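Novice: Please find the sequence and the predicted model below.
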Amino acid sequence: MTAIEITPTNHSPRIDFQPSGKLLIEGRAIPEDVNKLFAPLEEFISKLKLPEVVLDINMDYFNTATSKRLLEFLKIFDANKNIEKPVVNWHYEFDDDDNKEMAEIYEDCLERVSFNYIEHVELENLFEKR
């Protein structure tokens, strides 16, 4: 399986999906074609077979279309029984209640994925910290 590494733009987030199970979606997500963004990610996550997969989501803004596709993506993640322990680390700024509430809605829609909520004073670039 090949990694997916996409450089961020003003309209789409950084994507860093490694076959080791370390996954990252980071930045701003207002893509023109949300299906083009998520299709390869959904294929990648559906093929993973690992004891644990950790998905860090660190987005400062995402539009409605992205929100809907993100939920679809998370449902595929949740449904992959070849991942024994699916985990989402949801990063958000301390005063961004809407962002955290959206993650809580996603969590309620899933059965297996465990969520960790990680509050930051200011969103940090996780990719550079890897």
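Specialist: Arrived safely. Numbers count the residues shown, from 1 in each chain.
Novice: Going by C-alpha atoms from here, please, whenever you check contacts or count neighbours.
Specialist: Will do.
Novice: mind listing what the closest residue to Asn63 other than its chain neighbours touches?
Specialist: Spatially, and ignoring its direct neighbours in sequence, Asn63 is nearest to Ile30 (5.5 Å; CA to CA, 6 or more residues apart in numbering). Shown in contact with Ile30 (CA atoms under 8 Å, 6 or more residues apart in numbering): 11-12, 61-63, 66.
Novice: okay, those residues in a markdown table with secondary structure and pLDDT next?
Specialist: Below are those laid out as a markdown table (DSSP: H, G, I helix; E, B strand; the rest coil; pLDDT from 0 to 100):
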| residue | secondary structure | pLDDT |
| --- | --- | --- |
| His11 | coil | 94 |
| Ser12 | coil | 95 |
| Tyr61 | strand | 93 |
| Phe62 | strand | 95 |
| Asn63 | coil | 96 |
| Thr66 | helix | 97 |
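Novice: filter those to the buried ones?
Specialist: Among those, those scoring as buried are 12, 62, 66 (criterion: 16 or more other CA atoms under 10 Å).
Novice: Can you tell me the closest non-neighbouring residue to the first one?
Specialist: In space, not counting the residues next to it along the chain, Ser12 is nearest to Ala29; the distance is 4.5 Å by CA to CA, 6+ apart.
Novice: for Leu70, same thing?
Specialist: Nearest residue to Leu70, sequence neighbours excluded (CA to CA, 6+ apart): Phe38, at 7.8 Å.
Novice: how about that neighbour, what does it touch?
Specialist: Counting by CA under 8 Å, 6+ apart, the residues that Phe38 touches are 69-70, 73.
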